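**Student:** Structure for this input, please:
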Amino acid sequence: MAIVQFKDLNLAAVGDSKYQGTKNALARMVGFDIHSVPGLVKVNQKMAKNSGIVIDEYCMEPLEASNGIRYWASSVSGKVWQEKAGTYTLVHTIVPTANGAAITGIKEYQGYIYLATEKYLHRIATASADGAAAWTANIASNWATFTNASLYHPMVEINMVLYIADKYYVAQVDTNTFSANALDISNNYVITALGKMSTYLLIGGSIPNVNLSEIFSWNTYSTTFQSSDTVPERTINSFIEADNYVYVNAGSTGSVYAYNGSQLQFYKRIPGTYSSTKTCKINPNATGIYKGSIPIFGVSNVSGDSCDEGIWSLGRYSLNYPVVFNMEFPTSNVDADGYNVLTGIEIGAILVSGVDIYASWKRSSTITTTIADPAVVTLAAHGLTDGEAVYFTTTGALPTGITASTVYYAKGVNANTFNLYDTSAHAVSGGATGRVATTGTQSGVHTMVTVGVDKLDYSNKIVHPFMETRVIAPDRTSLQTFSKIIANYEDMPTGTSIVLKTKANHAASYSDTTEIQDTDRKFTYTDGDRIEAKSLQVRVECVASGNDAPTIEEIDVLLS
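**Tutor:** Below is the predicted model:
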């Protein structure tokens, strides 16, 4: 009898594909902690929606300030929310003199919070940035003017100076002095991301509509940059800082490069299926360092859901182990069966605060709606709270009464349907006032967008984390008898379980098995599910209960 084993998953984690990877690598792994105890696979804490119904626009600009308050800034308008002791409040809406109001950068520097919109830089003293009245009284709107109008104003502080991207310029604030052009690169570039390595400023730029991106390294005092390197990718999306080195996400096919201070070298690709219609990216602020040493980043759908979307890691327990990919934390969105949604998700920003993780997200879901008074929108297990904001897009025409990209507010009818209202207050109250009715006709596929901010929940585990083995094909010239699948565990708390599923000969979906738990030998195994096949994949699901979940040691597949 032969045994195929998958163990020591912290040494391999997620492989390159379902067909290939280093020894013990898996095809997929969602929701597990592989670094806390090397050799054991533990279920991660879940992400839970923390912002309630207060935040109603997608936020890509976060800030944890020295006054103990976290701020989330809208990438749609000039709205700024603060979170203090778990309470979210809209504190200000920036109205620039001209150009767009979407907030394109935020950073605290020398006692002030700086916020960028398309053309202007605004600021408020950190000590005076608590509550709506304080913001209204103290913010210096349009404090400085950028030379260019840019949709990207990432900010980095290096050498006690704040640097701000402005299209092909790098602006700076030195104490209280603003300079619109501290450094300029070729005027056909657009700076999309800033990072740092030691005392050097890293500048990620791209040429619109050209398959070329470039990283510039600048010592911050010379009249020009010190080095540059190009890659054949459309854009530099983000810098993923990790201790004394930097990773770079570029393009739209999950490419991660290692940067040594002067050159980019292709390192890994986020496993997925990529094409012109299946793309992803890591947004500039969707990165962080967890537990002091593990780089994490949010993988966002651009089109086609090319890979699992959520918070990934690219780390290791210590220098003794290899750096591996792991899909750590899905967002709080779940489907009708309680599984985390891994498609239609964008991660706008990540904040790591001690051992807490915050993440802003946007979810796109296909819905249907009636033409009626009131209109009824259907989305299985919508999970919406009364008063929560939603908006819609379509490939055809929405019915009269619903306008594309206009914010509406949900009032649940049941777990799968809800009505729409004109204000959050009306939705919470219910009744006919402000309730949306639809008329006319409709066509095409309708998409609903919801937004929020999650926080890591230390009281609850992810309910349905899972892992899938690579394809097991010992001899493709003949059928094999896969006689038993065993999931060995270290701990199985009361009320939790392990579920085993199989996929033979590249079937479209996994099939259930009959499992038996052997408490003496501490494993769950399949009973009588002998499979004759040329190839097999195994899916192992842990079922958590509250803050309890199984801890897995290894997976064995027996052939006879």
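
**Student:** Not counting its neighbours along the chain, what's nearest Thr89?
**Tutor:** The spatial neighbour of Thr89 that comes closest, neighbours along the chain excluded (Cβ to Cβ, 6 or more residues apart in numbering), is Gln82 at 5.5 Å. C-beta: built from backbone N, CA, C; applies to glycine.

**Student:** Direction included, what does the helix or strand Pro284 falls within pair up with?
**Tutor:** Following DSSP states H and E, one finds Pro284 within strand 279-290. Under the criterion DSSP bridges, strand 279-290 sits next to strand 294-303 (antiparallel) in its sheet.

**Student:** distance between the partner strand and the chain's centre?
**Tutor:** Here strand 294-303 is found 4 Å from its chain centre; the criterion is Cα atoms, centre = their mean, to the nearest Å.

**Student:** So what touches the helix or strand following that strand?
**Tutor:** Downstream of strand 294-303, the next assigned helix or strand under DSSP H and E is strand 310-315. Residues from elsewhere that reach strand 310-315 (Cβ atoms under 8 Å, 6 or more residues apart in numbering): 30, 35, 47, 240, 242, 247, 256, 268, 270, 290, 293-299, 323-331, 340, 342, 345, 347, 350, 357, 359.

**Student:** Now stretch 42-61: buried residues?
**Tutor:** Neighbour-count burial for stretch 42-61 flags 42-47, 49-51, 53-61 (criterion: 16 or more other Cβ atoms under 10 Å).

**Student:** what's the answer for stretch 15-32, then?
**Tutor:** Gly15, Lys18, Gly21, Asn24, Ala25, Leu26, Ala27, Arg28, Met29, Val30, Gly31, Phe32.

**Student:** got it, and stretch 511-522?
**Tutor:** Buried residues in stretch 511-522 (16+ other Cβ under 10 Å): Thr513, Glu515.

**Student:** Could you list the residues in contact with it?
**Tutor:** With Cβ under 8 Å, 6+ apart, stretch 511-522 has contacts from 485, 488-490, 492, 497-504, 523-529.

**Student:** Apart from its neighbours in sequence, what residue is nearest Ser303?
**Tutor:** Thr279 (5.1 Å).

**Student:** Just confirm that neighbour contacts Asp305, I think it does.
**Tutor:** No. Here Thr279 does not reach Asp305: they are 9.6 Å apart, not a contact under Cβ atoms under 8 Å.

**Student:** anything in contact with each of the two?
**Tutor:** With Cβ under 8 Å, 6+ apart, Thr279 and Asp305 have no common neighbours.

**Student:** The two - which one has more neighbours?
**Tutor:** Taking neighbours as other Cβ atoms under 10 Å, Thr279 and Asp305 compare with Thr279 leading, 21 against 18.

**Student:** separation between that one and Val37?
**Tutor:** Using Cβ to Cβ, to the nearest Å, Thr279 is found at 36 Å from Val37.

**Student:** Over to Ser535?
**Tutor:** From Ser535 to Val37 the distance is 32 Å (Cβ to Cβ).

**Student:** Tell me which of the two has more neighbours.
**Tutor:** Using other Cβ under 10 Å as the criterion, Ser535 and Val37 rank with Ser535 on top: 19 against 13.

**Student:** phi, psi of the nearest residue to Ser150 once chain neighbours are set aside?
**Tutor:** Distance criterion Cβ to Cβ, 6+ apart; nearest residue to Ser150, sequence neighbours excluded, is Lys167 at 4.3 Å. Backbone torsions for Lys167, taken as degrees, to the nearest 10, come to phi 60, psi -110.

**Student:** ok, Lys167 - contacts?
**Tutor:** Thr147, Asn148, Ala149, Ser150, Tyr152, Tyr189, Val190, Ile191.

**Student:** hey, where'd the helices end up in the protein?
**Tutor:** Using DSSP state H, the helices found in the chain span residues 132-138, 424-429.

**Student:** packing partners for the shortest one?
**Tutor:** Helices and strands in packing contact with helix 424-429 are listed as strand 408-412, strand 417-421; criterion 3 or more Cβ pairs under 8 Å, 6 or more residues apart in numbering; DSSP states H and E.

**Student:** what's the angle between the last one and strand 408-412?
**Tutor:** With axes from the mean of the first three to the mean of the last three Cα atoms, to 10 degrees defining the directions, strand 417-421 sits at 140 degrees from strand 408-412.

**Student:** I'd like to know the average pLDDT value across strand 417-421.
**Tutor:** Strand 417-421 shows a mean pLDDT of 97.

**Student:** Repeat that for the first one.
**Tutor:** Rounded to a whole number, the mean pLDDT of strand 408-412 is 96.

**Student:** Also stretch 129-138?
**Tutor:** 98.

**Student:** ok, residues contacting that stretch?
**Tutor:** 65, 67, 69, 71, 80, 82, 84, 89-92, 113, 124-125, 128.

**Student:** filter these to the buried ones?
**Tutor:** Ala65, Asn67, Ile69, Tyr71, Val80, Gln82, Val91, His92, Ile113, Ile124, Ser128.

**Student:** What is the burial count for the nearest residue to the last one once chain neighbours are set aside?
**Tutor:** This means Ser128. Spatial nearest neighbour of Ser128, chain neighbours left out: Asn138 (4.0 Å); criterion: Cβ to Cβ, 6+ apart. Using other Cβ under 10 Å, Asn138 has 15 neighbouring residues.

**Student:** Give the buried residues for stretch 402-420.
**Tutor:** Buried residues in stretch 402-420 (16+ other Cβ under 10 Å): Ile402, Val407, Tyr408, Tyr409, Ala410, Lys411, Gly412, Thr417, Phe418, Asn419, Leu420.

**Student:** likewise stretch 472-480?
**Tutor:** Ile472, Gln480.

**Student:** what's the answer for stretch 521-541, then?
**Tutor:** 523-526, 529, 531, 533-541.
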